[in-house]
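>>> with the sequence up front, the predicted model follows.
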Amino acid sequence: MTPSKTLSDPPTTVPRRHDTEPSAYHWAALPVLLSGTFLVVLDFFIVNVALPSTQTGLHAGATALEWVVAGYGLTFAVLLIAAGQLGDRWGRRRLFLLGIALFTLASAACGAAPNVGALVTARLFQGAAAALITPIVLAIIGVMFSGKQRTRAIGAYATTMGVAAAGGQLIGGVLLTADVAGLGWRSVFLINIPVGVAALALIPRLVPESRSAHSTRLDVSGLVLATAGLTALILPLLEGRQQGWPAWTWLSLAAAPFLIAAFVLRQRSMLAQARTPLLDLRLFGSRAFSVGMLGQFLLFCGQASYFVILALYLQQGRGLSAMDSGLMFTIVAVSYLYASAKAAGLAARFGRGVVIAGAVLLAGGHLALLLTTRAVGIGGPVLAVSPGLLLAGAGMGLCITALTVIVLQSANAEQAGAISGTLSTAQQVGNAVGVAIIGPIFFGALPAGYDHAFELGLEGLVCMIGALVVLTLALPARRAASREGGLSEAPSP
């Protein structure tokens, strides 16, 4: 079945001229899709600049702050693969619409949370709603676009992620400084509501419906095993330091690999029975796909935790206001946007070399910031950290976009839902695991000062990026990757 058969006719509310101009119709739908990506990524990062005021307003401890960030990533990661499959079965536009609606409601619950427990609970639901959105965006892009158009669309997708991730800190700073109606930190969640409502109005009109021709039942047993495995891994990493590493944390960590192995065996069994698994292990037969997925995991392990510790260092260590801290994050955003705009085209020409270059820039940015912090501590001119921020932003922009292009080119468009779901899962598991690893290192070192804690966190991040550089060498060369076929060669719908 070709992509053109998976895409239903445009809704009757769309003017007929779009029927004869499919490219224009698709480009009109892209901003609506990317609004979902923007909200999902924004809410992972906008909370960083609001963490100090949230901690004060709700009397929250360090572990609660980690849960506000990583809890979102946990439920996000757990449901992502299932969401891709549900979209293939029930209709991608339908699930995207549901995800936006639930995300908007969860955002309202976050903004109205009376205590930290309610906030963490709402964040868990918000992450679950985000899981319904993210793989659907990539899947619809994979169906609507091909060739150079897909490369441009992926570039726009990566740019949107960058604006939301790095620019979100500035947006949060503006909201906290304005303090409209005395909402304070609550405004960083409530801002999602008007965006969500606007998207809900436009989705039925502009986003075309698509689904897989092969309708399958959701593998509930596999979903339970995946949930248990990820929870067993992340929960003790978040709670262990605060609770003094009791026996249950070690038992949980020991059980995690067995639960994940059981999940893998379940998926193999599903394939052997000619049933559709949550995770199609055959995708990992492509070296570009398997190495690219692990690369995404390592990259996102470092990204989320980097923004968390940087926000705390700037605000609580250096004493910057939320607004000034947000302005510092725009340095990261500017270099990210420039690099991500160039990365898709460069990746098509140079393949893994772009990822290696990005990883080197990212590691160099962390090292520059580390050396600057050792030299000035929490004093000195704040702009002294600018070189490190610029390099880190450029490295992120190159790596994220190039790795996404490589992964999406590793299989055919029939697998759009499975690929996008697995890709997004690797990213969000990385986000949650990264915060769970770097968070305890940072908070554990705080008694010695914010500068010392920040330095240790950066050292951990450099190690992660070093592993990414080594891993990238295992990616196939550009010509070998292109011979695998892939999404980039699929016919236009």
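Thanks, I have the structure now. Numbering: from 1, shown residues only.

>>> OK, contacts around V385?
By CB atoms under 8 Å, 6 or more residues apart in numbering, V385 lies in contact with M328, L369, T372, T373. The C-beta positions use only the backbone N, C-alpha and C, and glycine is treated the same way.

>>> can you give me the pLDDT of the last one?
At T373, the predicted lDDT confidence score is 91.

>>> doesn't it belong to a helix?
Yes. Counting by DSSP: H, G, I helix; E, B strand; the rest coil, one finds T373 located in a helix.

>>> where are the low-confidence patches of this structure?
1-25, 166, 212-216, 409-418, 420-421, 477-493 (pLDDT under 70).

>>> tell me the spacing between the residue lying closest to L202 once chain neighbours are set aside and T472.
The shortest distance from L202 to any non-neighbouring residue, by CB to CB, 6 or more residues apart in numbering, is to V32 (4.9 Å). With distances taken as CB to CB, to the nearest Å, V32 is found 34 Å from T472.

>>> number of residues surrounding the closest residue to S305 other than its chain neighbours?
Excluding the flanking residues, the one nearest S305 by CB to CB, 6+ apart is I438, at 3.6 Å. Per other CB atoms under 10 Å, the neighbour tally for I438 reads 25.

>>> who touches stretch 171-191?
Applying CB under 8 Å, 6+ apart, the set of residues contacting stretch 171-191 is 42-43, 46-50, 53-54, 57, 107-108, 110-113, 321-327, 329.

>>> give me the buried entries from these.
42-43, 46-50, 53-54, 107, 110-111, 113, 322-323, 325-327, 329 (16 or more other CB atoms under 10 Å).

>>> okay, and which of the residues you listed map to helices?
Among the buried ones among the contacts of stretch 171-191, the residues falling in helices (DSSP state H) are 42-43, 46-50, 53-54, 107, 110-111, 322-323, 325-327, 329.

>>> tell me the contacts of Y157?
So Y157 contacts L34, T37, V137, L138, I141, T404 (CB under 8 Å, 6+ apart).

>>> now L97
Contacts for L97 were tallied using CB under 8 Å, 6+ apart; they are L200, I203, P204.

>>> distance between stretch 58-65 and the chain's centre?
23 Å (CA atoms, centre = their mean, to the nearest Å).

>>> can you name the residues that contact the residue nearest to G292 when sequence neighbours are not counted?
Spatial nearest neighbour of G292, chain neighbours left out: V407 (4.0 Å); criterion: CB to CB, 6+ apart. Under the criterion of CB under 8 Å, 6+ apart, the neighbours of V407 are A288, F289, G292, M293, Q296, I419, L423.

>>> can you pick the most crowded of those?
That'd be G292 among those, by other CB under 10 Å, with 30 neighbours.

>>> ok, that residue to F284 distance?
10 Å.

>>> how about G353?
23 Å.

>>> what ranges do the helices span in the stretch 351-493 of the chain?
Residue ranges of the helices in the stretch 351-493 of the chain, as given by DSSP state H, counting those that start in this stretch, are 352-376, 386-408, 416-444, 450-472, 478-483.

>>> assign L218 to helix, strand or coil.
Following three-state DSSP, we place L218 in the coil state.

>>> residues touching it, list them.
A82, Q85, L86, R89, L278.

>>> mind doing that once more with 7 Å?
For L218, the contacting residues are A82, Q85, L86, by CB atoms under 7 Å, 6 or more residues apart in numbering.

>>> okay, these in a markdown table with neighbour count and secondary structure next?
Formatted as a markdown table, the contacts of L218 follow (neighbours: other CB atoms under 10 Å; DSSP: H, G, I helix; E, B strand; the rest coil):
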| residue | neighbour count | secondary structure |
| --- | --- | --- |
| A82 | 23 | helix |
| Q85 | 25 | helix |
| L86 | 23 | helix |
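
>>> related to what we said a few turns ago, ok, the contacts of L97 vs L95, which is closest?
Proximity of the contacts of L97 to L95 was ranked by CB to CB; the top entry is I203 with 10.8 Å.

>>> excluding covalently adjacent residues, which one is nearest to the closest one?
Sequence neighbours aside, L97 is the residue nearest to I203 in space, at 5.0 Å (criterion: CB to CB, 6+ apart).

>>> distance check, that neighbour against W90.
11 Å.

>>> related to what we said a few turns ago, if I look at the residue nearest to S305, how far off is A64?
According to CB to CB, I438 stands 17 Å off from A64.
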